[in-house]
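*Asks:* What follows is a predicted structure for the sequence shown.
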Amino acid sequence: MSVELFLCGLLLVAFASLFLRGIRVLPPRTFALVLAFAAVSALGLALRDSRTQRAASLQSKIRAALPSTDREEFASSDTCRACHPSQYDTWHRSFHRTMTQIATADSVKGKFVGTTLSTLESDYHLFQTGDQFTVEIFDQSGAGAANNRFGSLPTGQKTFALRGNVAMLTGSHRQQVYWVSTRLGNMQMAMPFAYLLDDQRWVPNNAIFLRDPGMGPMEPVWNQTCIECHATGGEPRPVGGSDSFATRVGELGIACESCHGPGREHVRANQNPARRYQLHLGNQPDPTIVNPARLPSKLVSQACGQCHSVKWIPNSRDWKENGFHYRPGDDLEKHTPLVRVALRDSQPWMKQLLQQDPNYLRDRFWPDGMVRVSGREFSGLVESPCYQKGDLTCLSCHSMHHAGPDAQVTQSKESNESCLQCHQPLRDKLTQHTHHPANSAGSICYNCHMPYTTYGLLKAIRSHQIDSPNLTKTRNTGRPNACNLCHLDRSLGWTADYLATWYQQPLPKLEEEEQNLSSAVTMLLRGDGGQRALIAWSMGWQPARNTSGEEWLAPYLGQLLEDPYPAIRYIAARSLRRLRDFKDLNYDFIGSPDHWAEAHRQALALWQQAKPLLPAPARDQLLLGPNRSLNQEKFNRLLRLRDDHPMDLHE
């Protein structure tokens, strides 16, 4: 209600009351009460409507600060829904859709009401009013930590506040990162805290990545980083030489047109019902849209690979202005060639890439070129014989529309069927090939040929480069092999003997430690951050615990409670809590060093109280003595050899 309407209403009530008073229907006191009640009611309605208008106006401003969706060639997923409701529904429940979302009361899972979060420099006060989420930043240093990028300017005091509105968020499966609108066009800056959905708690952004804590906080800009893969048809569009952006997208999130190509022409052409029925009755594809399932096998997976790969952007200036030119059905290599370590000599631009970032390959690949970070599965697939020599595609196992949202593996392919559809001779000779019981973890193709050697999202993930256990590769790369990821209590020497007997692999020359000491123990104590994270996760993986026993795991996981990397501490604590006696472990992975040390001490003491269960030969490979004692001398010697080079795995 506007002020004018409020005054008009008040005048009408007043005139009505005067009329009634004039004809003496109302006594004087009743007349005054009616007039007062009318005035208060009208004022209340005006104030309520004014607040509603202000909230709507603010929400409109927040939406206006989002990346624009005015790209003409894109039609939007909501338009697709009219003719493809089933496909829309299956996509809509997927985590692809929610890679980037507008912040609403439904999409935001983090607790904003009454929450204050702190860094060394600033306090962050979070507020929520309906669909409006606000962060107020108090800079305790007086240095302007937010750099005036958010709405308000400093007051000139040593402690000042900046206010910003949370406009978007990324993630909905494991964690959510929140993006705050700035005064620099539609630039979206990340809050320095993320919300872990399983734990229902806020943690620093740095704590959710395997990133050396000495590297300092990250300050990601959505328009420069996430837009590559967390939006459809993204164009960053920085404004001139400033920090401002006029970003455009076809749609936020990974939408229909990410996989099928821009749909505006498809919608226009199919306004004609005769054309639609002709296409339905025929067997020819519609040339105005792309169905990845109809593409040649090598092009099918490239539709996924446009995001799920490590790729080189030949012309960064053009990309910033116009986004990626690749469209499903194109040859991805002609637009953004894959970074392939095995082909580095034939990729002349690799030298420029490494000049810009000497650690680029190390932060993404194992030394032999196998991908070691999540979200880059196509880069693993292209190095696999099944892809290079056969017709294996992403759709051989995965489906957007015929699988559940978690991993999107079709139900029929969750067993060995994915492999047996091509490797038919093994169907009747499975145990002869695996040398494991048919229903055991050792006879599941994935566990041996796609082991958990990839890291991301605070866990280990299956490699998508199909390979076989090989100790020469393990020794040359430091990458754990499938056998020792399941048989955590066994040495490389033990594995070498079986690979030689079963598959005639040559016996490698091993050091005494490799011959006699558990490979997992060695890697956990002296490995780099990525290796330690994978072993910590494997110690919580049920098939490995069933195979290796779990009564010996606590002292090793306990050691990782004091690891320098927050992500490793988190993974170790989660695996430790899966052990029977440690479900109620009092531990906070972002607590203090004193807290971590005390939790480590308590975990060790609790483990030592249990009865000894391990036979002597197994104890020797695990640095364990009688009565659950540790061979502390060897334990400490390996720990002193820990690979502490800074890591920043770019998942």
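*Replies:* Sure, I can see it.

*Asks:* Now do the contacts for the residue nearest to G558 when sequence neighbours are not counted.
*Replies:* Distance criterion CB to CB, 6 or more residues apart in numbering; nearest residue to G558, sequence neighbours excluded, is A603 at 3.8 Å. In short, each C-beta sits where N, CA and C put it, glycine included. When contacts are counted by CB atoms under 8 Å, 6 or more residues apart in numbering, A603 touches 554-555, 557-558, 561, 576, 582, 585.

*Asks:* could you give the mean pLDDT of the helix or strand where A603 lies?
*Replies:* Using DSSP states H and E, the element containing A603 is helix 593-608. Taken as a whole, helix 593-608 carries a mean pLDDT of 96.

*Asks:* Check the offset of that helix from the chain's centre.
*Replies:* 31 Å (CA atoms, centre = their mean, to the nearest Å).

*Asks:* I'd like to know which of the contacts of A603 is nearest to W222.
*Replies:* L561 (33.7 Å; CB to CB).

*Asks:* Just give the nearest non-adjacent residue to that closest one, would you?
*Replies:* H600 (4.7 Å).

*Asks:* Can you report how many residues lie near the one you found?
*Replies:* Using other CB atoms under 10 Å, H600 has 19 neighbouring residues.

*Asks:* thinking again about what came up before, for R81, state which of the contacts of A603 is nearest.
*Replies:* Nearest member of those to R81, counting by CB to CB, is L576, at 46.0 Å.

*Asks:* what sits against that closest one?
*Replies:* Counting by CB under 8 Å, 6+ apart, L576 touches 540, 553-554, 557-558, 561, 582, 585, 587, 603.

*Asks:* in which helix or strand would I find it?
*Replies:* helix 566-577.

*Asks:* So for that helix, what gets flagged as buried?
*Replies:* 566-576 (16 or more other CB atoms under 10 Å).

*Asks:* And stretch 408-415, by the same measure?
*Replies:* 408, 410, 413.

*Asks:* Stretch 590-603 now?
*Replies:* Judged by neighbour count using 16+ other CB under 10 Å, the buried positions of stretch 590-603 are 595-596, 599-600, 602-603.

*Asks:* mind putting these in a markdown table, distance to P314 included?
*Replies:* Formatted as a markdown table, the buried residues of stretch 590-603 follow (distance: CB to CB, whole Å):
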| residue | distance to P314 |
| --- | --- |
| H595 | 49 |
| W596 | 46 |
| A599 | 49 |
| H600 | 49 |
| Q602 | 55 |
| A603 | 51 |
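
*Asks:* which regions of the chain lie under the pLDDT threshold?
*Replies:* 1-59, 141-160, 611-618 (pLDDT under 70).

*Asks:* Which strand runs longest in this protein?
*Replies:* strand 160-170 (DSSP state E).

*Asks:* Show me what that strand pairs with in its sheet, parallel or antiparallel.
*Replies:* strand 100-102 (antiparallel), strand 132-139 (antiparallel), strand 175-181 (antiparallel) (DSSP bridges).

*Asks:* possible to save those strands as CSV with distance to W91 and mean neighbour count?
*Replies:* Formatted as CSV, those follow (distance: least, CB to CB, whole Å; neighbours: other CB atoms under 10 Å):
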stretch, distance to W91, mean neighbour count
strand 100-102, 14, 22
strand 132-139, 26, 20
strand 175-181, 20, 24
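
*Asks:* Out of these, which is closest to P508?
*Replies:* Between the strands paired with strand 160-170, strand 175-181 lies closest to P508; by CB to CB that is 40.2 Å.

*Asks:* May I have the closest one exported as PDB, CA atoms only?
*Replies:* This file holds the C-alpha atoms of strand 175-181, laid out as PDB (Å, rounded to 0.1, in the frame of the first residue of the first chain):
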ATOM      1  CA  GLN A 175      28.900 -29.300   0.700                       C
ATOM      2  CA  GLN A 176      27.800 -25.900  -0.300                       C
ATOM      3  CA  VAL A 177      29.800 -22.800  -1.100                       C
ATOM      4  CA  TYR A 178      28.100 -19.500  -1.000                       C
ATOM      5  CA  TRP A 179      28.600 -16.500  -3.300                       C
ATOM      6  CA  VAL A 180      28.100 -12.900  -2.400                       C
ATOM      7  CA  SER A 181      27.200 -10.200  -4.800                       C
END
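
*Asks:* what's in contact with it?
*Replies:* Contacts of strand 175-181 (CB under 8 Å, 6+ apart): 62, 65-66, 103, 108-110, 133, 135, 150-151, 164-171, 187-191, 193-197, 205, 208, 222, 457.

*Asks:* List the contacts of the residue nearest the centre of the chain.
*Replies:* Closest to where the C-alpha atoms of the chain average out (CA atoms, centre = their mean) is L457, at 5.4 Å. Counting by CB under 8 Å, 6+ apart, L457 makes contact with 174-175, 374, 651.

*Asks:* The same query, at a cut-off of 6 Å, please.
*Replies:* 174, 374 (CB atoms under 6 Å, 6 or more residues apart in numbering).

*Asks:* same check, this time on S258
*Replies:* Counted by CB under 6 Å, 6+ apart, S258 has contacts T232.

*Asks:* and it, helix, strand or coil?
*Replies:* Under DSSP: H, G, I helix; E, B strand; the rest coil, S258 falls in the helix class.
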